[in-house]
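In: Turn this into a model:
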Amino acid sequence: MKKNLLFFYLLFFSAILNAEDGYDLWLRYDKIDNPILLQQYRSHINSIFINSSSPTLAIARNEILTGLQGLLDKKIFEAKKIEKGAIILQKNSPGYYDAVLGSEGFAIQTSIIKAKLILIRANTDLGILYGVFQFLRLLQTHQDISQVNITSIPKIQNRILDHWDNLNRTVERGYAGASIWNWHLLPGYIDKRYIDYARANASIGINGTVLTNVNANAMVLTKPYLEKVAALANVFRPYGIKVYLTARFSAPIEIGGLKTADPLDAEVQNWWKQKCDEIYSYIPDFGGFVVKANSEGQPGPQNYGRTHADGANMFADALAPHHGIVMWRAFVYDARVQKSTENYGEGKADPNAPGIASSDRAKQAYDEFKPLDGKFRKNVLVQVKNGPVDFQPREPFSPLFGAMPHTPLIVEFQLTQEYLGQATNLVYEAPLFKECLDADTYSNGKGSTVAKLIEGSLENHPVTAIAGVANIGNERNWTGHPFGQANWYAFGRLAWDHELSSEQIADEWLRQTFTNEPHFVDGTKKIMMMSRETTVNYMTPFGLHHIMGTGFHYGPAPWVDNAGRADWNPVYYHRADSTGIGFDRTVTGSNAISQYAEEVGKQWEDVKTCDEKYLLWFHHVSWNYKMKSGRTLWDELCFKYYSGVDSVRWMQRTWNGLKKYIDEERSEQVKMLLAVQEKEAVWWRNACLLYFQTWSKMPIPAGYEKPDHDLQYYKALKFPYAPGNGGNL
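Out: Sure, this is the predicted structure:
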């Protein structure tokens, strides 16, 4: 009996030690399970050779040794001279600087001197580290290394994760646990997780992190917290990652003892200059500030009758001596519209309040920032959400892209799935990112994509950046949903090279994170590639938007009409009535379409030719309108909602059929989450169609399964403690 118990415990603890809990992300260096390929790799690789040393190169050395020894199941030694089968990490000497590679690029090449070698070279230590991760990626994904010739340079300079983490460790729109920053234990205790976080980011080329929420807390700028921030910066520095902070505009009052935060006040300007000097004394390579101002109650320059440019330039002047940058968020919406739902909030305003009144929330950023083009300092970048409203499952690109040629813009994506099912839904976001990045603004003629604008190739701005709102928490697997990791990975890869395809990125991530088994990779890649469109179908088809539960944004609530201000109400956005549904943004409505270049507007201005995926974004359409399918709008709306649910059920069946190829732990975890997603998709479908049916007065077509509850049931659902609650961002 004792022997049996002992055997059971040994088996149990062995399973725990070998569990695939997701902590290793895409950096799993398990032995290659293809015997032929393994032998090929072993025949090419025997040792590594490094021609210099530094903290970053020490990391590169350890990474490649760990990776090679794990993947090849073979002892790899560090040679004192170049030998056959060596991986050479070569930092170019100043006299041999390669201008093509710049400060972060790298080249990986097969070279034959006396024997076949593989050379990873770069101008900098950081370039070498990036090259090491790329080479290990080749092995992880079973690529041919017999004749390697890769040159890779990032297209965007600053590739930044924005954490919406608060000092009390709550995370705004966070669905993966508490903040990974344990401020209470810093600076003395350095959690290994900080090192693993930096390593994961470096592996995909992310080189900046904003530690704090855009709804900022001035306390982070005080000495005790700057010491904590400096401790994190010291961890991240060898991995090439700069630290940024969010700046509370009213900090001079809240922690500085001043009576004003007016950006044109000399005393306020001096306070920020001294504060920046203090920050750089702790963190010499501090990146700069992200600022959310005059939006959703956040203080800003308009409180003093000043412009966004006045506010941003004050920070820019304080940071300029230290080569820091300001990322000024363009997510603003009208401070003057009264708290009323009458006429959807259009028109009524307090003329004495700051800001610009707009008839349409989607127009607000353009209305406020377009007139300021060219008025910002050179180290100011305006940070623009990918769409004109708010990280919706589908939006057209923001009209600000292409409208501010004299100002560098940052595209801001949201990795955390605030409006995409949060951490219960499998939604691969790379297609969403690509939809925006590849969109043509026509600002400089055909081919003026959003990606080309933000990389600076059209206007040649000296500073470029891209930002992603992090989906990371202290859950063991980092992102809550195992497939949330794919969105972190995809953001980094696209930030480095926006020309990569969604399919290629999914393929890489799956092979590194799970297995190279072809049946698993092909089947799961199909799930990933259809997941975003599936979610749009069961949530917000045809350009519907912002019909989620108010505040926490969990689940459907298209009926809500009593929120504190008009544009917090779903009814403001879908505008369903007895005649039809959709927001008219053409010349007969809000005319938001006029904010785009003429060539772009022509794609959407005519209801008959408008791409149907944006139909209800730009048009109020009759329930009986004939769609391209031949069905009426109502019937087509039903078709989309039902097909979304059917697709989730297909995802379930496909995933269940692949369980033999991967570990049981993650297989079961995703299986359970897909079951949750199926229930939520049915909830979305039923709630939305039953509500819209009160306006269309049309039946759900025969042949579809009937809703299992009535509309009142769905209206009565309450979620006071839903994750991520705590205000709009």
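In: I figured Glu254 was touching Thr260, is that so?
Out: No: between Glu254 and Thr260 there is no contact under C-beta atoms under 8 Å: 12.0 Å. (C-beta placed from N, C-alpha, C; glycine too.)
In: mind listing the strands for the stretch 601-729 of the chain?
Out: Taking DSSP state E, counting those that start in this stretch as the criterion, the stretch 601-729 of the chain carries its strands at 621-622.
In: Check the stretch 201-350 of the chain too.
Out: Going by DSSP E, counting those that start in this stretch, the stretch 201-350 of the chain shows strands at 208-210, 242-246, 288-291, 325-329.
In: want to try TSV for these, with mean neighbour count, mean pLDDT and distance to Asp507 as columns?
Out: As requested, the strands of the stretch 201-350 of the chain are exported to TSV (neighbours: other C-beta atoms under 10 Å; pLDDT from 0 to 100; distance: least, C-beta to C-beta, whole Å):
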stretch	mean neighbour count	mean pLDDT	distance to Asp507
strand 208-210	24	98	27
strand 242-246	23	98	30
strand 288-291	27	98	33
strand 325-329	27	98	32
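In: Let's have those strands in JSON lines, adding distance to Asp567.
Out: Output for the strands of the stretch 201-350 of the chain, formatted as JSON lines (distance: least, C-beta to C-beta, whole Å):
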{"stretch": "strand 208-210", "distance to Asp567": "26"}
{"stretch": "strand 242-246", "distance to Asp567": "24"}
{"stretch": "strand 288-291", "distance to Asp567": "22"}
{"stretch": "strand 325-329", "distance to Asp567": "17"}
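In: Indicate which one of the ones you listed is closest to Leu372.
Out: strand 325-329 (9.8 Å; C-beta to C-beta).
In: Ends of stretch 23-34, what's the gap?
Out: Start-to-end span of stretch 23-34 (C-alpha to C-alpha, to the nearest Å) is 24 Å.
In: Give me the residues contacting that stretch.
Out: 38, 41, 66-67, 69-73, 136, 139-140, 142, 196, 199-200, 203, 476-478, 485, 489, 508-509, 512-513, 515-516 (C-beta atoms under 8 Å, 6 or more residues apart in numbering).
In: show me what contacts Val326?
Out: By C-beta under 8 Å, 6+ apart, the neighbours of Val326 are 288-289, 291, 312, 315-316, 319, 377, 379-381.
In: tell me the contacts of the closest residue in space to Ser250 that isn't next to it in sequence?
Out: In space, and not counting its chain neighbours, Ser250 is closest to Pro299: 4.2 Å by C-beta to C-beta, 6 or more residues apart in numbering. By C-beta under 8 Å, 6+ apart, the contact set of Pro299 is 248-250, 261, 293.
In: Just the buried ones from these?
Out: 248-250, 261, 293 (16 or more other C-beta atoms under 10 Å).
In: got a list of contacts for stretch 682-689?
Out: 538-539, 547, 555-558, 637-638, 641-642, 644-645, 700, 707-709, 711, 714.
In: sorry, back to before: buried among the contacts of stretch 23-34? Make that a PyMOL selection.
Out: This is the PyMOL syntax for the buried subset of the contacts of stretch 23-34, where burial follows 16+ other C-beta under 10 Å:
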select buried, resi 38+41+67+70+71+72+136+139+140+142+196+199+200+203+477+478+485+489+508+509+512+513+515+516
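In: Please determine how far Gly582 is located from Lys608.
Out: 14 Å (C-beta to C-beta, to the nearest Å).
In: Check Thr513 too.
Out: 45 Å.
In: Lys602 now?
Out: From Lys602 to Lys608 the distance is 12 Å (C-beta to C-beta).
In: okay, these two: which has more neighbours?
Out: Neighbour comparison, Lys602 and Lys608: the larger count goes to Lys602, with 14 against 8 (by other C-beta atoms under 10 Å).
In: In contact with the more buried one, which residues?
Out: Lys602 touches nothing, counting by C-beta under 8 Å, 6+ apart.
In: ditto for Ile145
Out: So Ile145 contacts 41, 44, 110, 118, 138-139 (C-beta under 8 Å, 6+ apart).
In: Including distance to Ala423, pLDDT and secondary structure, could those residues go into TSV?
Out: Below are those laid out as TSV (distance: C-beta to C-beta, whole Å; pLDDT from 0 to 100; DSSP: H, G, I helix; E, B strand; the rest coil):
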residue	distance to Ala423	pLDDT	secondary structure
Tyr41	37	96	helix
His44	41	91	helix
Thr110	43	92	strand
Ile118	40	95	strand
Leu138	31	98	helix
Leu139	31	98	helix
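In: what about dumping the CA coordinates of stretch 406-425 to CSV?
Out: C-alpha atoms of stretch 406-425 as CSV (Å, rounded to 0.1, in the frame of the first residue of the first chain):
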residue,chain,number,x,y,z
HIS,A,406,3.4,67.5,-40.1
THR,A,407,3.0,65.5,-36.9
PRO,A,408,4.2,61.9,-36.3
LEU,A,409,1.3,59.7,-35.3
ILE,A,410,1.3,56.4,-33.3
VAL,A,411,-1.3,53.8,-34.0
GLU,A,412,-2.6,52.3,-30.7
PHE,A,413,-4.0,48.8,-30.7
GLN,A,414,-5.6,47.0,-27.8
LEU,A,415,-4.3,43.6,-27.0
THR,A,416,-6.4,43.2,-24.0
GLN,A,417,-9.8,42.1,-25.3
GLU,A,418,-12.1,44.8,-23.8
TYR,A,419,-14.6,44.6,-26.6
LEU,A,420,-13.6,41.1,-27.9
GLY,A,421,-14.9,38.8,-25.3
GLN,A,422,-12.3,39.6,-22.7
ALA,A,423,-10.4,36.6,-21.5
THR,A,424,-13.1,34.0,-22.2
ASN,A,425,-13.0,34.3,-26.0
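In: Now do that stretch, average pLDDT.
Out: Mean pLDDT, stretch 406-425: 97.
In: Make 13 the starting number, not 1.
Out: All set: I'll call the first residue 13, so the last point we hit is now stretch 418-437.
In: where does the protein have low pLDDT?
Out: For the chain, residues meeting the criterion pLDDT under 70 lie at 13-30, 125-127, 346-369, 737-741.
In: Look through it and tell me its longest helix.
Out: As assigned by DSSP state H, the longest helix anywhere in the chain is helix 676-708.
In: Distance from it to the middle of the chain?
Out: 23 Å (C-alpha atoms, centre = their mean, to the nearest Å).
In: so His510 makes contact with Val462?
Out: No: the criterion here is C-beta under 8 Å, and His510 misses it with Val462 at 9.0 Å.
In: Give me the common contacts of the two.
Out: By C-beta under 8 Å, 6+ apart, His510 and Val462 have these common neighbours: Leu449.
In: Against Ala210, how distant is the residue lying closest to Trp629 once chain neighbours are set aside?
Out: Nearest in space to Trp629, with sequence neighbours left out and distances taken as C-beta to C-beta, 6+ apart, is Gly555 at 3.3 Å. Noted for Gly555: a distance of 40 Å to Ala210, by C-beta to C-beta.
In: Same question for Val183.
Out: 19 Å.
In: Name the residue in the two with the higher neighbour count.
Out: Val183 (26 against 21).
In: Which residues lie in contact with that one in this structure?
Out: 175-177, 189-191, 485 are the contacts of Val183 under C-beta under 8 Å, 6+ apart.
In: partner residues bridging it?
Out: On the basis of DSSP bridges, Val183 is bridged to Asp177.
In: check contacts around Arg373.
Out: 345-346, 401, 579, 584.
In: For those, give me TSV that also has neighbour count.
Out: Converted to TSV, the contacts of Arg373 look like this (neighbours: other C-beta atoms under 10 Å):
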residue	neighbour count
Tyr345	24
Asp346	24
Val401	23
Asp579	23
Tyr584	22
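In: I am finished for the moment; much appreciated.
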